[in-house]
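> need coordinates for the following:
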Amino acid sequence: MKKISVTKMRASCLISLVLCLGLLSAGCDSLRFAPSQQQKQNAWLHNRTAIMAAEAAKTEQGSDKLQALTQLGELQSRAFSSYYGLPKEFPPAESAEDILAESNWRLARTAAHVGAARPDPWEVADSMFELGIGICALLGGVYGTRAVRFLKETKVKSKALQEIIAGNELFKKQNAEQASAFKQAHQVQSPQTRQIVAEVKG
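Numbering: from 1, shown residues only. Predicted structure coming up:
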């Protein structure tokens, strides 16, 4: 019974470590916020717009190419609205006038802005370390204690790396004439180090 417990504990700590390190090494581009209500509304409106455009192209006897393009656009739009999910509130979209309302133009601009935002990778890393530390501390035992110690040390090193990179970026901004010499001095870094720094800078 005790052997099974230790094995489970090891596996849980290992999984926590792998998850934390995997998320840290994933880079800035893979980190995204969950879709907001504005994004869900915009995706739903996009589908309604595509449906109306396809209907208008057919009703107004547009060219075969225009009709095919609008039909394909409507089909593609379904994938976006399915991915984002349905909003809690649906904007008015019964007519072309409803869809072309100024509020929907603002909604589209807001959704585009929100969609371009990314979480701060340092905050995500810090949260993942805290989660890993909490899970390993909860499991306890020798392996849990070792894992907690390892995660705490890694968190401190991560904070130090953040401060070094922030200091370097500040130095380059304040000393633009020395930026090229600064970059040249860092050419001796290993490819792995350069990749980590590039991912951290986002």
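> ok, residue 46 touching residue 80?
Yes - judged on CB atoms under 8 Å, residue 46 makes contact with residue 80 at a distance of 6.1 Å. All C-beta atoms are positioned from the backbone trio N, CA, C, and that covers glycine.
> more neighbours: which of those two?
residue 46 (22 against 15; other CB atoms under 10 Å).
> let's verify that one: helix, strand, or coil?
Under the three-state scheme (DSSP: H, G, I helix; E, B strand; the rest coil), residue 46 adopts helix.
> wait, what's in contact with the closest residue to it other than its chain neighbours?
Distances taken as CB to CB, 6 or more residues apart in numbering put residue 77 closest to residue 46, at 5.2 Å, once the chain neighbours are dropped. Residue 77 makes contact with 43, 46-47, 49-51, according to CB atoms under 8 Å, 6 or more residues apart in numbering.
> repeat for residue 67
Contacts of residue 67 (CB under 8 Å, 6+ apart): 54, 57-58.
> let's see 7 Å
57-58 (CB atoms under 7 Å, 6 or more residues apart in numbering).
> and the helix or strand that contains residue 164, what does it pack against?
If you go by DSSP states H and E, residue 164 is part of helix 141-174. Helix 141-174 sits against helix 2-25, helix 121-139, helix 179-185, helix 191-201, with contacts defined as 3 or more CB pairs under 7 Å, 6 or more residues apart in numbering; DSSP states H and E.
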